[in-house]
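> Give me the fold of what follows.
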Amino acid sequence: MKIISVRQNPEYKEKAIKYFQDSWSEISPVIYEDCISNSINATQSLPQWYLLEKEGKIIGCAGLITNDFISRMDLYPWICAIYVEEKYRGNAYGALLIEKAKNDTKAFGFRYLNLCTDHIGYYEKYGFEYIGEGYHPWEEKSRIYQIEV
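Okay, here's the model as predicted:
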C-alpha cells in the first residue's frame, strides 16, 4: 500500500486528475484539473493531492486544501474528496489517507484538520469531533468535524 503525493510525484498528475474526476463526477471536471495542475508548483504548502495505490492500481484519493466549498473560511486546512473504491472498503484504507493528511497538516504548522460531511459515525472512529454546521454555495449545509493534530 502506498500513498502518493501528486506534488512530490508530478508524473502522476494526469492519473490524479482523471481519478478525481471519475471518483467525484458531480464536481465539474475543470475544478480538479485546474487545482491539481496548479498545485504542482505552488509556493505555499497547500493544496496537496494524494492517491492511494495498491499493487500498482490506484484505489483511492484525498486532498488537503484551504477550503472545501464551505462557509467556515476561518477554519483550515480541510481534508476533502476522500474516496476508496467500493470493493476495497472495510479495510481501513481511508484511515491511511486521513493519517497522511494529519501528518502533513502538522508538518505544515497547522494545529487542526477539518472536514465537512453528511456522514455520521465514520470520522469519529478516527478522532474527529463534530463542531457545528457550515453552508455550501449551492445552499446545502454540512456537518463540520475537526481533529487536533
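> what does the longest helix anywhere in the chain rub up against?
Looking across the chain with DSSP state H, the single longest helix is helix 93-107. With contact meaning C-beta atoms under 8 Å, 6 or more residues apart in numbering, helix 93-107 is reached by 1, 3, 45, 48, 50, 52, 54, 59-62, 64, 77, 79, 82, 84, 112-113, 122-123, 126, 147, 149. Just so you know, the C-beta spots here come from the backbone N, C-alpha and C atoms, and that holds for glycine as well.
> what comes up buried for that helix?
93-94, 96-98, 100-102, 104-105 (16 or more other C-beta atoms under 10 Å).
> how many degrees apart are the following helix or strand past that helix and helix 93-107 in direction?
Toward the C-terminus, helix 93-107 is succeeded by strand 112-117 as the next helix or strand (DSSP states H and E). Interaxial angle, strand 112-117 versus helix 93-107 (axes from the mean of the first three to the mean of the last three C-alpha atoms, to 10 degrees): 140 degrees.
> same for strand 112-117, what does it pack against?
strand 78-84, helix 93-107, strand 141-148 (3 or more C-beta pairs under 8 Å, 6 or more residues apart in numbering; DSSP states H and E).
> returning to that earlier point: just the buried residues out of the contacts of helix 93-107, in PyMOL syntax.
Applying 16+ other C-beta under 10 Å to the contacts of helix 93-107, the buried members can be selected in PyMOL as follows:
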select buried, resi 3+45+48+50+52+59+60+61+62+64+77+79+82+84+113+123+147+149
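> quick revisit: may I see the helices and strands packed on strand 112-117 organised as a markdown table, with distance to residue 27 and mean pLDDT added?
Formatted as a markdown table, these follow (distance: least, C-beta to C-beta, whole Å; pLDDT from 0 to 100):
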| stretch | distance to residue 27 | mean pLDDT |
| --- | --- | --- |
| strand 78-84 | 8 | 97 |
| helix 93-107 | 18 | 98 |
| strand 141-148 | 15 | 97 |
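> Nothing else from me, thank you.
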